[in-house]
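S.K.: the following comprises the amino acid sequence and a computationally predicted model.
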Amino acid sequence: MARLAVTFDVAADLLATWGLEARPADLDARGENTRILAERVPRGVVFGIVPYNWPFNLAAHKLAPALATGNTVVLKASPLAPLCAMELGRIVHEAGCPPGVLNVWNGSTEDADRILDDPRISMLSFTGSEKVGWALKRRFWDRPVILELGGDARAIVMPDADLARAARLIALGGYGYAGQVCISVQHVLVHASVYAEFRDRLAQETQNCPTGDPEDEATVCGPLITLEAASKARRLVDESGATVIAGGGGEGALMRPTLLEGVPEGCALATEEAFAPVLTLAPFDTLEEAAARVNRSRFGIHAGVFTRDHAVAEQAFRLLDVGGVVVNESPSLRFDVMPYGGVRRSGFGREGIREAMDEMTTPKTLVLRV
């Protein structure tokens with residue numbers, strides 16, 4: 001909720017310097033007595049679709065940039081968390097939003113299809129699954145689209161890392177919110193020289209991870225959103241044939257943190273987004289080898305690198321083909337002011353308040369002879 005407020009505040013603050021730019025005409029001999037102004041103008045009606053896992057702040061990342069830049073919005077709530085989006089819409093209207101500018105809606109997939117077919121929709125901003133997102137982009141081919149989709153974030157632990165801190169942060173990044181975050185850690189790559197020690201530390205963090213009732217503030221890993229989601233995650237683990245090092249088990253929608261090693265290349269758990277409290281562990285010998293593994297994934301939002309060596313951090317930043325590299329923190333870390341998005345199947349376009357304001361507007365040029 002605090003980040004929700006920050007998201008709206010930043011969008012408002014950016015308007016002080018954003019949206020109108022003078023360009024030099026006198027670089028061209030024909031530009032004498034000429035002014036060039038480039039202004040970013042709203043696209044029109046933004047259709048935003050939000051997921052269940054961060055139903056307030058992910059909605060804010062659609063609403064704040066769109067409203068700040070003069071667009072109107074139709075916001076489709078997740079059917080698994082519709083009341084949050086409805087409540088946010090009510091608050092925005094109570095703050096003075098004119099009727100019709102923001103329309104929060106909890107409707108069916110069939111009705112969403114009718115909205116997409118409406119030529120008055122100028123842009124689509126979607127956060128959700130890979131399968132649905134790319135299908136929407138193919139359908140919405142003639143208008144701008146932002147896609148924030150899935151990921152299988154990897155953390156790389158170098159031999160000079162603070163192993164205790166890395167294990168603690170990776171456990172939080174993999175098991176927090178039951179792993180239901182698109183930049184949740186899923187795969188951990190550890191330098192062979194410290195693999196055994198780190199394996200023991202991460203196993204201990206897995207065993208000690210507070211799990212259970214989400215209404216208990218001490219809980220890190222609560223239940224998954226549905227029984228079906230939990231069943232899918234358990235199936236990924238079972239079918240992988242990997243060895244459970246620590247954790248595992250649970251019943252109903254509650255899946256206990258699970259640490260695995262020996263995950264075969266090419267199995268579903270190695271190639272798909274688990275979206276569950278599951279971590280896989282594997283050794284590597286060189287940073288180049290670890291980066292190549294990260295880059296082979298069809299996803300690529302964030303990657304984490306744990307090292308005390310600034311030169312290694314810089315090298316990793318250049319080698320890793322992802323939307324963002326997080327050093328000495330879990331790749332699940334996100335600040336609302338930063339550009340955010342993925343490469344390959346993880347998405348298209350960028351969020352982050354400034355970047356979304358650019359995406360939700362188009363440049364319009366005024367050439368003025370004076």
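M.R.: Received, thanks. Numbering: from 1, shown residues only.

S.K.: number of nearby residues for Glu239?
M.R.: Counted by other CB atoms under 10 Å, the residues lying close to Glu239 total 11. In short, each C-beta sits where N, CA and C put it, glycine included.

S.K.: doesn't it lie inside a helix?
M.R.: Yes: secondary structure assignment (DSSP: H, G, I helix; E, B strand; the rest coil) places Glu239 inside a helix.

S.K.: that one and Gly150, how far apart?
M.R.: Per CB to CB, to the nearest Å, Glu239 is found 19 Å from Gly150.

S.K.: residue contacts, Gly179?
M.R.: Contact partners of Gly179, counting by CB atoms under 8 Å, 6 or more residues apart in numbering, are Gln186, Cys221, Ala233, Ala274, Phe275, Ala276, Pro277, Val278.

S.K.: what about the helices in the stretch 201-350 of the chain?
M.R.: With DSSP state H, counting those that start in this stretch as the criterion, the stretch 201-350 of the chain has helices at 227-240, 268-271, 287-296, 310-319.

S.K.: so which of these comes closest to Thr211?
M.R.: Nearest to Thr211 among the helices of the stretch 201-350 of the chain is helix 227-240; the distance by CB to CB comes to 13.0 Å.

S.K.: show me what the closest one is packed against.
M.R.: strand 258-261, helix 268-271, strand 278-284 (3 or more CB pairs under 8 Å, 6 or more residues apart in numbering; DSSP states H and E).

S.K.: name the helices or strands packed onto the second one?
M.R.: The one in question is helix 268-271. Judged by 3+ CB pairs under 8 Å, 6+ apart, helix 268-271 is in contact with helix 227-240, strand 278-284.

S.K.: any chance of those in CSV, plus mean pLDDT?
M.R.: Putting the helices and strands packed on helix 268-271 into CSV (pLDDT from 0 to 100) gives the following:
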stretch, mean pLDDT
helix 227-240, 95
strand 278-284, 98
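
S.K.: pick the most deeply packed of those.
M.R.: Each of the helices and strands packed on helix 268-271 was assessed for mean neighbour count using mean count of other CB atoms under 10 Å. The highest is strand 278-284, with a mean of 23.

S.K.: partners of that strand, with directions?
M.R.: strand 185-191 (parallel), strand 258-261 (parallel) (DSSP bridges).

S.K.: as JSON lines, the helices and strands packed on helix 227-240 with distance to Ala135 would be great.
M.R.: Converted to JSON lines, the helices and strands packed on helix 227-240 look like this (distance: least, CB to CB, whole Å):
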{"stretch": "strand 258-261", "distance to Ala135": "30"}
{"stretch": "helix 268-271", "distance to Ala135": "19"}
{"stretch": "strand 278-284", "distance to Ala135": "26"}
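
S.K.: between the ones you listed, which one is nearest to Pro98?
M.R.: Closest approach to Pro98 among the helices and strands packed on helix 227-240 is made by strand 278-284 (45.9 Å; CB to CB).
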